[in-house]
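Undergrad: mind looking at a prediction? Sequence and model below.
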Amino acid sequence: MAITEKTPLELGPGDSVRYAERPLGVFTRPQGGRGWRDWLSTVDHKRIGILYGVSAMFFFLVGGVEALLIRLQLAAPEGSVLSADVYNQVYTMHGVTMVFLFIMPLAAAFSNYFIPLQIGARDVAFPRLNALSFWIWLSGAIFLNTSWMVGGGGADCGWFCYSTNSGVAFSPSHGVDFYAIGLQILGIASLVSSVNLIVTCLNMRAPGMTLMRMPVLTWMLLITQFLLLFALPVITVALFLLMFDRLFDAQFFNPDAGADPLLWQHLFWIFGHPEVYIIILPAFGVVSEVIPTFSRKPLFGYEFMVFSGIAIGFMGWGVWAHHMFVSGIGPISVAAFSLSTMFIAVPTGVKVLNWLATMWGGKLRFTVAMKFAVATVAMFTIGGLSGVTHSVAPADTQQTDTYYIVAHFHYVIFGGGVLGLFAGIYFWWPKIWGHFLNERLGNWSFWIMLVGFNLTFGPMHILGLQGMSRRIDTYARGYGFEFWNMAATVGSLLIAVSVVLFIWNVVKSKRDAPHLPPPGPDPWDGRTLEWSIPSPVPVHNFDTVPQVHGRDEWWHTKYAENDEGKVVRVATVEEVAQTGEATGVHLPSPSFWPLAVAVGLPLIGYGLIFNLWLALIGALLTIASLYSWALEPVDDPDAAHDHHDEDHEDDEDDADQSDDGEVDQP
Amino acid sequence: MRTLTRRLISWTLVLMGASAATGCASDAELDTFAPQGPIARELHSRGVLPVFWIAAAVFVGITIAMVWLIWKNRVKTYDGDDEWPAQTHGHVPLEIGWTVGFLVTMIAVAGIMLWSLPTVDATEDNTMAVTIDDHSVMWEPTIVVVGNQWWWEFRYYFSDQMDLADMRAHGDAKTLPPADIVTSGQMVIPTGEEVELIITSRDVIHSFWIPALNGKRDAVPNRFSPWKIEASVPGFYFGQCTEFCGLSHSRMRMQAVALSPADFQAWVDSTSADAVEPTDPEALAGLEVFSGICTSCHLIEGVNDDVYEGADQASGAAPNLTHFANRSTFAGGIFNTYNADGSLNRTDLEAWLRDPNALKENYTVPGEQYRGMPDLDLSEQQIDDLVAYLSGLGAKPAGWIIEATQVE
């Protein structure tokens, strides 16, 4: 791609490239600005990060409403809020929504926004690909949810969608078709983004920033991208087979035609278990930034934190069959996967102790971000330890597919992943928006969420050990499930209250912001490069790309240790922070084509399900947009010569530096 | 804020205490912490409890450390640059220390796993004498367990014994070799014998689980997986399908009834016989209704003898009703056949025949394969006749079984 994009620049701006930038002779190249249209064509990693974050929070509410419906149905025995059919759809879509439409894109928001800032880059390696991954993700998310309206309901097979129950005979509505195609579309988005961010991390780091000087958040996000890169092709294969089975009668999973229904389980969990680490590692990264900042200490054992992250990433590939201990795989397989599962607890435990060691002897200031971060460590520890209890395969035969497992993975994914990302939201909010979130409201929201979370998922341990099965839409009286189910439902309502408080906090903070002092570039006395630039971050990120001399570069710009080992200030923030006033920084130009490519994909999806002609239209749109994109130069010559806005003047001076065809890196 | 924090902490502690207390409630029929049979007991004491204690110890250690750290190191604000603590970047021996510490802990957990694995995997070669059709056979206690949407079938092979290898060679779960006894919903086992289970499914993946007697094992279509259970004393043990199996997964239950060897033999004698011929006119009318409508899916030995093939079900099968009245639950183990006083539970039985979909969601779209029982549009007269007929099929189970069936 870089080659196509470089050519017009080499030709030099002029009539010869005019036709190339308007490939169909219709559209005018977007120029960037502040209107809503500019959000559609933006290639700015920060705006894309915000788009990811806002959409993810929207789907958090959707998945949350689904969760509340589940809890209302299960509050009392013989619940009648939902029919069995609707319940199965709701719990399936709750899982799919929370995993693919909330946590993953929220982590993607952090990746997009902060990887370039933490490594001192002006943007990601391929800005238009970045826009592409967001728009594809959004089109997949919308596609998936339209199955409620046009597909005869949501998928009703669980997020794991085991064959043979996923076949047309057992799930005759179009829900599973939407699941199979929707997740493929979402998978494209994650794959595109993972390649982009891996290249960004490896190639775009500021001078002096060696890999072992990268902030831990960036490290964990980098590992996450590698997991995505290798995990998504596996699930894509499985989904592709499922799609062909359902739409074109391919018989991949029909046991009567000789298929093995366990094949799906293997493919699903080879993706599905690394997926757990895809969810949790970004939160680990956030916690590893927040705890040091509010302990006034560097992260304890940086190398061990990085390498245990890598070890988790590697070992995560060798544990998938622990989801299948009772499926009838042989005892040797069971023992092997049981062992590998146990030993993944070692690097995870090392991480927990390193966080504690970071707090050891520190000065802990409990801002809301710090509270969320410490709660993440505590709650994740519970989830990790309950995981150890059912890594013992024979014990797992009593626990698997009960509410004990539901409790376990919610402590990991909600207690670890979601609380961790909330810590990040409170921590980086001033950097992104230029004002703080209200700490008092944040405190209420935090405590209500923590209590609500434990009240919801804590009792599920007991319910599971009492023998309550997972994925049941109702339970009979007299099995001892009544009390704790009611408690869990009350807890879930508390979580809802806390989320409402958070939303109110967002609104109120924005409204109060003009009357409060601005946070400045470095409100928390931060350690990494994003705190050296103004808040909110100027469009070009860094006035001058920083030279990196060590870990926690920004902190070392402000402080040094004297001969007695005491920390002394060497510069104030005002002295060393960048002002964001640079002009003439050369930036990639916006483009509508990523959006156009993404619009075609759901059309292909609807077409495959309802009418192949529609699929043809979608395919033509996507292919035409891809060609138009290829013919569109990465930098708009018009932008440089006809519109002297502040980001593009002095373009001539930058001309030779823009030879890399992408973002400038002086 | 500080007082609120404390109050929240104390509430949490109270709740945790309460949870520990009620967690052991005796009315939990599926309680995994109340093993009844020797396999489940060994699994519990060798596998479950040791690892719970280890996890609890680590949890307590980390939590105490964390609370102490928070308590000791918290500050309200940072007053100035003087407040910087000593900057420790790491400590390699310490890191190696706790890595080794976790490794050792996990090796202990691995030991627990390897020690407890045989409790669920090793099999005994036990046999018991069973009389079937007037001749005695040495039966290696084995039951073929077949999952269907949404009920379980149990098949007993005495005369022509089938082991795992035979079933795997047969391969097809939809048309299994004819058995001496085919029953559903309730599995009857002899006490004091390890019973091998060969678990399979006719449609989707289910999971067979009687928590008091052992863990669970999935029923995978056309795969035959070994499992085992054992009860040492006569008793009534509850179970629930635990692998999501579609629409009415939550209403797919089962029970194991453990009988002394003598009672088991009596059960074999009565259950291997053909269905009782009805005598009173209402029951005879019920037989007529059954022969005209129900036989398109259900089978009653002595009435219609073609094995399952042809049932309008995705699984190709529906419960064998030959000894319907002999079982204390029906419709996938979800309704009691008898009331606590031993009388027939006419209410649920009639309601089920009247509108099965209202009690348990079924998928019965005309023209597509049925999953579950369709609404047959029976008249009240037909329902009464059928109830009269079905309730006469087989001897009423012992009083203690009927009593144990009542959950509420």
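TA: Everything's here; your move.

Undergrad: okay, how far is it across stretch A:503-519, tip to tip?
TA: 20 Å (C-alpha to C-alpha, to the nearest Å).

Undergrad: what sits up against stretch A:90-105?
TA: Where contact means C-beta atoms under 8 Å, 6 or more residues apart in numbering or on different chains, the residues beyond stretch A:90-105 that reach it are A:52-53, A:55-57, A:59-60, A:62-63, A:66-67, A:69-70, A:82, A:137, A:141, A:144-145, A:148, A:154-159, A:161, A:175, A:179, A:183, A:186, A:190, A:275, A:278-279, A:413, A:417-418, A:421, A:471. Every residue, glycine included, has its C-beta placed from N, CA and C.

Undergrad: and the pLDDT for the nearest residue to residue A:443 once chain neighbours are set aside?
TA: Of all residues not flanking residue A:443 in the chain, residue A:368 sits nearest, at 5.9 Å (C-beta to C-beta, 6 or more residues apart in numbering or on different chains). Each residue has a pLDDT score; the one for residue A:368 is 97.

Undergrad: list the contacts for the residue in the stretch 501-650 of chain A positioned nearest to chain B?
TA: Of all residues in the stretch 501-650 of chain A, residue A:567 sits closest to chain B, at 3.6 Å by C-beta to the nearest C-beta. By C-beta under 8 Å, 6+ apart, the contact list for residue A:567 reads A:559, A:560, A:561, B:81, B:84, B:87.

Undergrad: cool, and residue A:351?
TA: So residue A:351 contacts A:284, A:305, A:308, A:309 (C-beta under 8 Å, 6+ apart).

Undergrad: among these, which two are most distant?
TA: For the contacts of residue A:351, the farthest-apart pair by C-beta to C-beta is A:284 and A:308; their separation is 9.3 Å.

Undergrad: tell me where the stretch 151-300 of chain B has strands.
TA: In the stretch 151-300 of chain B, the strands defined using DSSP state E, counting those that start in this stretch lie at B:151-156, B:181-184, B:186-190, B:195-201, B:206-209, B:216-219, B:225-229, B:235-240, B:253-259.

Undergrad: ok, and which of the ones you listed has the densest surroundings?
TA: Among these, the stretch with the highest mean neighbour count (mean count of other C-beta atoms under 10 Å in any protein chain shown) is strand B:206-209, at a mean of 31.

Undergrad: just for the stretch 101-250 of chain B, where's the confidence low?
TA: Applying pLDDT under 70 to the stretch 101-250 of chain B flags no residue at all.

Undergrad: OK, now which residue of it is nearest to chain A?
TA: For the stretch 101-250 of chain B, C-beta to the nearest C-beta, closest residue to chain A: residue B:215, 2.4 Å.

Undergrad: distance check, that residue against residue A:467.
TA: Residue B:215 is 11 Å from residue A:467, where distance means C-beta to C-beta, to the nearest Å.

Undergrad: what distance separates the strand or helix carrying residue A:274 from the centre of its chain?
TA: Residue A:274 belongs to helix A:262-293 when assigned by DSSP states H and E. Chain-centre distance of helix A:262-293: 10 Å, with C-alpha atoms, centre = their mean, to the nearest Å.

Undergrad: same check, this time on stretch A:293-302
TA: Chain-centre distance of stretch A:293-302: 24 Å, with C-alpha atoms, centre = their mean.

Undergrad: do that stretch and chain B meet at all?
TA: Yes: legend: contact between stretch A:293-302 and chain B by C-beta under 8 Å from any C-beta of the partner chain is shown at A:295, A:296, A:297, A:298, A:300, A:301, A:302.

Undergrad: ramachandran angles for the residue nearest to residue B:139 when sequence neighbours are not counted?
TA: Excluding its sequence neighbours, the residue lying closest to residue B:139 (C-beta to C-beta, 6+ apart) is residue B:130, at 4.3 Å. Taking degrees, to the nearest 10, you get phi -130, psi 140 for the backbone angles of residue B:130.

Undergrad: from residue B:272, how far out is residue B:130?
TA: 10 Å.

Undergrad: check residue B:347 too.
TA: For residue B:347, the distance to residue B:272 - C-beta to C-beta - is 31 Å.

Undergrad: re the thing from before, farthest pair within the residues of stretch A:293-302 next to chain B?
TA: By the measure C-beta to C-beta, A:296 and A:301 form the most distant pair in the residues of stretch A:293-302 next to chain B, at 17.0 Å.

Undergrad: how is chain B divided into domains?
TA: Using automatic domain parsing, the domain parsing of chain B gives B:30-72+B:86-122, B:127-408.

Undergrad: quick one: closest of those to residue A:630.
TA: When the domains of chain B are compared by C-beta to C-beta, domain B:127-408 sits nearest residue A:630, at 45.1 Å.

Undergrad: measure the closest one end to end?
TA: By C-alpha to C-alpha, the extent of domain B:127-408 from end to end equals 37 Å.

Undergrad: tell me which stretches of the stretch 551-666 of chain A form helices.
TA: A:553-558, A:573-576, A:593-610, A:612-631, A:637-641, A:651-654 (DSSP state H, counting those that start in this stretch).

Undergrad: do the same with chain B
TA: For chain B, the helices defined by DSSP state H occupy B:2-23, B:38-42, B:49-73, B:92-121, B:164-170, B:261-272, B:281-292, B:346-354, B:356-359, B:380-390, B:399-405.

Undergrad: need these in JSON lines (columns: distance to residue B:303 and mean neighbour count).
TA: Output for those, formatted as JSON lines (distance: least, C-beta to C-beta, whole Å; neighbours: other C-beta atoms under 10 Å in any protein chain shown):
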{"stretch": "helix B:2-23", "distance to residue B:303": "48", "mean neighbour count": "12"}
{"stretch": "helix B:38-42", "distance to residue B:303": "38", "mean neighbour count": "21"}
{"stretch": "helix B:49-73", "distance to residue B:303": "51", "mean neighbour count": "16"}
{"stretch": "helix B:92-121", "distance to residue B:303": "40", "mean neighbour count": "17"}
{"stretch": "helix B:164-170", "distance to residue B:303": "26", "mean neighbour count": "15"}
{"stretch": "helix B:261-272", "distance to residue B:303": "16", "mean neighbour count": "17"}
{"stretch": "helix B:281-292", "distance to residue B:303": "6", "mean neighbour count": "17"}
{"stretch": "helix B:346-354", "distance to residue B:303": "17", "mean neighbour count": "17"}
{"stretch": "helix B:356-359", "distance to residue B:303": "21", "mean neighbour count": "15"}
{"stretch": "helix B:380-390", "distance to residue B:303": "10", "mean neighbour count": "20"}
{"stretch": "helix B:399-405", "distance to residue B:303": "26", "mean neighbour count": "17"}
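
Undergrad: need the least confident one among those, by mean pLDDT.
TA: When the helices of chain B are ranked by mean pLDDT, helix B:2-23 comes last with a mean of 56.

Undergrad: more neighbours, residue B:215 and residue A:467?
TA: Ranked by neighbour count (other C-beta atoms under 10 Å in any protein chain shown), residue B:215 and residue A:467 place residue B:215 first, with 31 against 27.

Undergrad: can you tell me the closest non-neighbouring residue to that one?
TA: Nearest non-adjacent residue to residue B:215, counting by C-beta to C-beta, 6+ apart: residue A:397, 2.4 Å away.

Undergrad: check residue B:319 too.
TA: That would be residue B:184: by C-beta to C-beta, 6+ apart, it lies 3.9 Å from residue B:319.

Undergrad: what's across from the one you found in the sheet?
TA: Residue B:184 has these beta-bridge partners by DSSP bridges: residue B:153.

Undergrad: cool, thanks, talk later.
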